[in-house]
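>>> Quick one, fold the following:
(one chain, ligands or ions: 1)
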Amino acid sequence: MFYKTILKPIFFRIHPEHMHALVLVLGEVCGALPPVRWVLSRIYGYRGPDIAKVVDCVRYERPVLLSAGFDCDARLTRVLGSLSFGGEEVGSVTALPCEGNPKPRQTRLIRNKSLIIFKGLRNQGAVKTIKKLLRTKRAPGYVVGISIAATNSAAVSTDEAALQDYLDTYRKMNEAGVGDYYTINISCPNSFCGKDGETFASPRLLPKLIAGMQQIPTTKPVYFKMPINLAWPEFDELLQIIDKSPYQGVIIGNLNKDYSQLDHPEDAPKVYRGGLSGKPCFAISNDLIARTRQAYGKRFTIIGVGGIFSGQDALAKFRAGADLVQLITGMVFEGPGLMKEVCQAYAGEYGALQK
Ligand SMILES: Cc1cc2nc3c(=O)[nH]c(=O)nc-3n(C[C@H](O)[C@H](O)[C@H](O)COP(=O)(O)O)c2cc1C
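Below you'll find the predicted structure:
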């Protein structure tokens, strides 16, 4: 209540990108101060039945993670555990540092419970992120996944250059041994190679990427971040390719590119200015999660993401077949108590089964 009645009205007067930057600074400072972490965990930390879960040999103390894109440069790894997150996905990280797209890169669509994201893979690049991860001592049991994408620049606009860029980052991460799992973001809707579609979410290119990755040994689970604006047959075509690979699973899914799916499409720009997060992702991702689970049984680990604003929303993803869930926009709209609510809802439904 404190967040929604006092803080949110103030925060929502500040430009979303400035607010995001402020949260990163505050989060990094709070994470460095053990007494602040303790206070935060007293307020926002989940305490209840054991809901730890082992997925692909990685143990998650809590089954809710921060999704990729909020903590691109790994600045919040010490604080988020205090807010009931079991981990986070850092990135998307690219081989070269990247300024991202021209502003505005984030827009709030308040009535639609959504953000328009046009960040364009803004991040400090693989080398700096690896250094940051190596020198940051994170809480025991806090999982860090790393999302990998191709550098968003004119120099990396051909298929071959983008392929090598992905592989370069993937190799560096594996050699440095950082991260508990890797996600290959094949579906960024806002990058150079994504402008005319989602280049590596293509049945022509995905096998080449997978073949390249197989030349690089890994001991970590690997997931693919899926697009959500594909009809089932096209989505399934990508799943069939991943099914033939040695990799563990899929994250369903990325931003929604279709402004007509907003509750109030008139609030959106007339021309495409980035993908939609939040509510417009909810039903569509749930449907794809359920179909994937139904069609492939236990073959894939499924991480469900898109439009979680309550414990019940998270349960809808678990019931559809997700093993873990991720979120961003719900935290922005509902506040830092959301993850505890998700954990409590999960404990209510699955807590007894875990034991
Ligand atoms: C500010 C912001 C930046 C994002 N950047 C990335 C990114 O770099 N890589 C990625 O795979 N997804 C990115 N996403 C998509 C989210 O990871 C997630 O798939 C999407 O927002 C749906 O979840 P939500 O409704 O809980 O926000 C971004 C989302 C937001 C809100």
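>>> pretty sure Tyr3 is touching Phe333, no?
No: Tyr3 is beyond contact range of Phe333, at 9.7 Å (criterion: Cβ atoms under 8 Å). All C-beta spots, glycine's among them, are computed from the backbone N, C-alpha and C.
>>> And the two? Which one has more around it.
A direct count of neighbours by other Cβ atoms under 10 Å for Tyr3 and Phe333 places Phe333 higher, at 19 against 15.
>>> just checking, what packs against the strand or helix carrying the more buried one?
Assigned by DSSP states H and E, Phe333 belongs to helix 329-334. Secondary-structure packing of helix 329-334 (3 or more Cβ pairs under 8 Å, 6 or more residues apart in numbering; DSSP states H and E): strand 114-117, helix 338-354.
>>> Follow the chain on from the shortest one and name the next helix or strand.
The one in question is strand 114-117. helix 126-135.
>>> Determine whether any part of the helix or strand following that next one lies close to the ligand.
Downstream of helix 126-135, the next assigned helix or strand under DSSP H and E is strand 143-148. Yes: Strand 143-148 is in contact with the ligand by Cβ under 6 Å from any ligand atom, via Ser147.
>>> Just want the residue of the chain that's nearest the ligand.
Gly69 (2.0 Å; Cβ to the nearest ligand atom).
>>> Would you mind measuring from that residue to Gly274?
Counting by Cβ to Cβ, to the nearest Å, the separation of Gly69 from Gly274 is 12 Å.
>>> Identify the contacts common to those two.
Counting by Cβ atoms under 8 Å, 6 or more residues apart in numbering, the residues touching both Gly69 and Gly274 are Ile117, Lys119.
>>> for the stretch 1-150 of the chain, what spans make up the strands?
Counting by DSSP state E, counting those that start in this stretch, one finds strands in the stretch 1-150 of the chain at the ranges 53-55, 58-60, 64-66, 87-93, 106-109, 114-117, 143-148.
>>> Could you tell me which residues of the stretch 151-300 of the chain lie near the ligand?
Residues of the stretch 151-300 of the chain found near the ligand (Cβ under 6 Å from any ligand atom) are Asn185, Cys188, Lys225, Asn254, Leu255, Ser277, Gly278, Cys281.
>>> and the third one, how many neighbours does it have?
Meaning Lys225. Using other Cβ under 10 Å, Lys225 has 26 neighbouring residues.
>>> still on that earlier bit, just the buried ones from the residues of the stretch 151-300 of the chain next to the ligand?
Among these, those scoring as buried are Asn185, Cys188, Lys225, Asn254, Leu255, Ser277, Gly278, Cys281 (criterion: 16 or more other Cβ atoms under 10 Å).
>>> Low-confidence ranges, the stretch 251-355 of the chain, go.
Along the stretch 251-355 of the chain, the parts satisfying pLDDT under 70 run over 352-355.
>>> how about the helix holding Phe333, does it get close to the ligand?
Yes: legend: contact between helix 329-334 and the ligand by Cβ under 6 Å from any ligand atom is shown at Thr329, Gly330.
>>> Now that helix: buried residues?
Neighbour-count burial for helix 329-334 flags Thr329, Gly330, Met331, Val332, Phe333, Glu334 (criterion: 16+ other Cβ under 10 Å).
>>> Reformat these as a markdown table; add distance to Gln124.
As requested, the buried residues of helix 329-334 are arranged in a markdown table below (distance: Cβ to Cβ, whole Å):
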| residue | distance to Gln124 |
| --- | --- |
| Thr329 | 23 |
| Gly330 | 26 |
| Met331 | 22 |
| Val332 | 22 |
| Phe333 | 27 |
| Glu334 | 29 |
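>>> Closest to Thr129 out of these?
Distances from Thr129 to the buried residues of helix 329-334, taken as Cβ to Cβ, are shortest for Met331 (21.7 Å).
>>> isn't that closest one right up against Lys340?
No: counting by Cβ under 8 Å, Met331 does not reach Lys340; the two are 11.2 Å apart.
>>> For the stretch 151-300 of the chain, which segments count as strands?
181-185, 222-226, 249-252, 275-276.
>>> next one: the last one to chain centre, how far?
By that I understand strand 275-276. Relative to the chain's own centre, strand 275-276 is displaced by 14 Å; criterion: Cα atoms, centre = their mean, to the nearest Å.
>>> could you say what helices and strands it packs with?
Using 3+ Cβ pairs under 8 Å, 6+ apart, strand 275-276 is in contact with strand 114-117.
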